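*Asks:* Fold the following and give me the result.
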Amino acid sequence: MAMASVVKVVLGSIAFGFFWVLAVFPAVPFLPIGRTAGSLLGAMLMVIFRVISPEDAYAAIDLPILGLLFGTMVVSIFLEKADMFKHLGTLLSWRCAGGKDLLVRTCVASAVSSALFTNDTCCVVLTEFILKLARQNNLPPQPFLLALASSSNIGSAATPIGNPQNLVIALQSGISFEKFLIGLFPAVLVGGALNAAILLGYFWKALSTDHKVDDEEVPSAAAVITGGGEAAAEGDVTSHRFSPATMSHVTGEVAHINRVREETDVDGFAEREETAPASEAHSKFKEEDTMDTWKTKLWKICVYLVTIGMLIALLMGLNMSWSAITAALVLVVLDFKDACPCLDKVSYSLLIFFCGMFITVDGFNKTGLPSELWEFVEPYSRIDRASGLALLSLVIIVLSNVASNVPTVLLLGGRIAASAALISAVEETRAWLILAWVSTVAGNLSLLGSAANLIVCEQARRAQPFGYNLSFFSHLRFGFPSTIVVTAVGLLFLN
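*Replies:* Purely as a prediction, here's the structure:
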């Protein structure tokens, strides 16, 4: 693409600059409006500056990606309502043989769940549980929080629904769910194992001895679990109710409904006791309670079956967006109640962020500046040479941490694929998979590298009274070597 006029290049760069600053630093002092409003501001400036026309701005919004995001969010909400993540948390602590065992379990559980239900959702629902479990067992929280964040990023690379950038890659490239999984699964498997080994080596000493919690950092473990009273029983951890800060699903609502139902049933029983024998009233109450229990179990089974059906549809190559939306609507119908409380839990701000980002990135592309930069780098970054693959990976890692991974994919995806297509059609598919792998693992480099990292950090910090502050540099000390090693080794196993 030829360079646009100097005025359009300057104005387009200014608009993209506003988007970039607010995407990376959402609470910047001079304009603390957040990422979502920042993406809309960038989109608006692109239109006002006439870098892109209003018609082209609307056309830039990728509806299939938004539909797939929406569908997977709704399915995840119903899965948490059906206690799927609670059962996953229980498996983490079942017959745990110590800190190292728990660390490996955390890596495996977060990698698998993020591949199926997105890395952000996995981090939202598991952070508080893992933090509480570490505190109760007097273990240092840092290795487990790093394990959750890094493994969820690595695991999410395995499927198109694992993270937002994979959604973009799968739909832009046309690679089927099955080919995507087959192509990336070996790299994810080896990379995940390598990441767990690095974590174990890095924190071996801390996990081998009893960890004394810093009094200035957090209260004692006994006070943490009970809120300042007696030490919690072992069952308290496995029955922990998640309270996500950014995607508050409906487990609390279910508990409230059950309490109301119990109170209503008890009141009704008291009235019946005055007009009927106590044994008859008790029998009726027991039958109603049994019926409700079976209805709840049957509904949960249906939720799991619908989710499995969605995954089968994706593996069969059916349209990803409509498969996810269909599964979401089937679950809404099966719930058989007003869907508003459930749909209110969808992160609409993320969907709006994507709309603004699509417009902003498309406008920046129309300036011709990204094409000029790519033409300079492209001859040295061909994926059929080891040096070219290394340079391309380095560019993706840097851009993913500077501009975030989704904008990086939008800016580079088509260009990398076009360059690889000159070699062969097989190399074009491989180029998309390389982009998916490197841009995802690049999120482990720094705390700002991915939304999953920030979710773990914020969830852990807010989880009072047993909170923990995961600092930027404590993450970087592990994230930098892990990212370089896992990325390099994983590239050898891409199919």
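
*Asks:* Contacts only, for residue 413.
*Replies:* Residue 413 makes contact with 168-169, 172-173, 432, 435 under the criterion C-beta atoms under 8 Å, 6 or more residues apart in numbering. Where you see a C-beta, it was placed from the backbone N, CA and C, and this is true even at glycine.

*Asks:* Apply 6 Å and report the result again.
*Replies:* Each residue near residue 413 by C-beta atoms under 6 Å, 6 or more residues apart in numbering is listed here: residue 172.

*Asks:* which residues of the protein score low on pLDDT?
*Replies:* 1, 209-285, 288 (pLDDT under 70).

*Asks:* Got the phi and psi for residue 318?
*Replies:* phi -70, psi 160 (degrees, to the nearest 10).

*Asks:* how many other residues sit next to it?
*Replies:* 15 (other C-beta atoms under 10 Å).

*Asks:* measure it to residue 77 for me?
*Replies:* Counting by C-beta to C-beta, to the nearest Å, the gap between residue 318 and residue 77 amounts to 22 Å.

*Asks:* And residue 385, by the same measure?
*Replies:* Taken as C-beta to C-beta, the span from residue 385 to residue 77 is 46 Å.

*Asks:* same question, residue 401
*Replies:* Taken as C-beta to C-beta, the span from residue 401 to residue 77 is 30 Å.

*Asks:* Next: residue 160.
*Replies:* 20 Å.

*Asks:* next one: residue 157
*Replies:* Taking C-beta to C-beta, one finds residue 157 at 23 Å from residue 77.

*Asks:* Between those two, which has more neighbouring residues?
*Replies:* The residue with more neighbours, out of residue 157 and residue 77, is residue 157; 30 against 23, by other C-beta under 10 Å.

*Asks:* Surely that one is in contact with residue 440?
*Replies:* Yes - between residue 157 and residue 440 a contact is recorded at 4.1 Å, counting by C-beta atoms under 6 Å.

*Asks:* Can you give me every residue that contacts residue 39?
*Replies:* 19, 353, 356-357.

*Asks:* and what of residue 76?
*Replies:* 117, 121.

*Asks:* List the buried residues for the helix or strand where it lies?
*Replies:* According to DSSP states H and E, residue 76 maps onto helix 63-81. For helix 63-81, the neighbour count (16 or more other C-beta atoms under 10 Å) marks 64-81 as buried.

*Asks:* With stretch 98-105 instead?
*Replies:* 99-100, 102-105.

*Asks:* Output these in TSV; the columns should cover secondary structure and distance to residue 42.
*Replies:* Listed next are the buried residues of stretch 98-105 as TSV, based on DSSP: H, G, I helix; E, B strand; the rest coil; distance: C-beta to C-beta, whole Å:
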residue	secondary structure	distance to residue 42
99	helix	45
100	helix	46
102	helix	43
103	helix	40
104	helix	42
105	helix	41
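
*Asks:* ok, of those residues, which one's closest to residue 295?
*Replies:* Comparing these against residue 295 with C-beta to C-beta picks out residue 105 as the nearest, at 32.5 Å.

*Asks:* Helix or strand: which one has the closest residue to that closest one other than its chain neighbours?
*Replies:* Nearest non-adjacent residue to residue 105, counting by C-beta to C-beta, 6 or more residues apart in numbering: residue 92, 5.2 Å away. Taking DSSP H and E as the criterion, residue 92 maps to helix 84-93.

*Asks:* residues of that helix that come out buried?
*Replies:* 84-86, 88-89, 92-93.

*Asks:* how distant is it from the center of its chain?
*Replies:* 17 Å (C-alpha atoms, centre = their mean, to the nearest Å).

*Asks:* helices or strands up against it?
*Replies:* Helix 84-93 sits against helix 99-117, helix 119-136, helix 235-238, with contacts defined as 3 or more C-beta pairs under 6 Å, 6 or more residues apart in numbering; DSSP states H and E.

*Asks:* Could you export those helices to a markdown table, including columns for distance to residue 395?
*Replies:* What follows is the helices and strands packed on helix 84-93, written out as a markdown table (distance: least, C-beta to C-beta, whole Å):
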| stretch | distance to residue 395 |
| --- | --- |
| helix 99-117 | 25 |
| helix 119-136 | 23 |
| helix 235-238 | 44 |
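
*Asks:* Kindly compare burial across those and name the winner.
*Replies:* Mean neighbours per residue, mean count of other C-beta atoms under 10 Å, is largest over the helices and strands packed on helix 84-93 for helix 119-136, with a mean of 27.

*Asks:* Cool, thanks, signing off.
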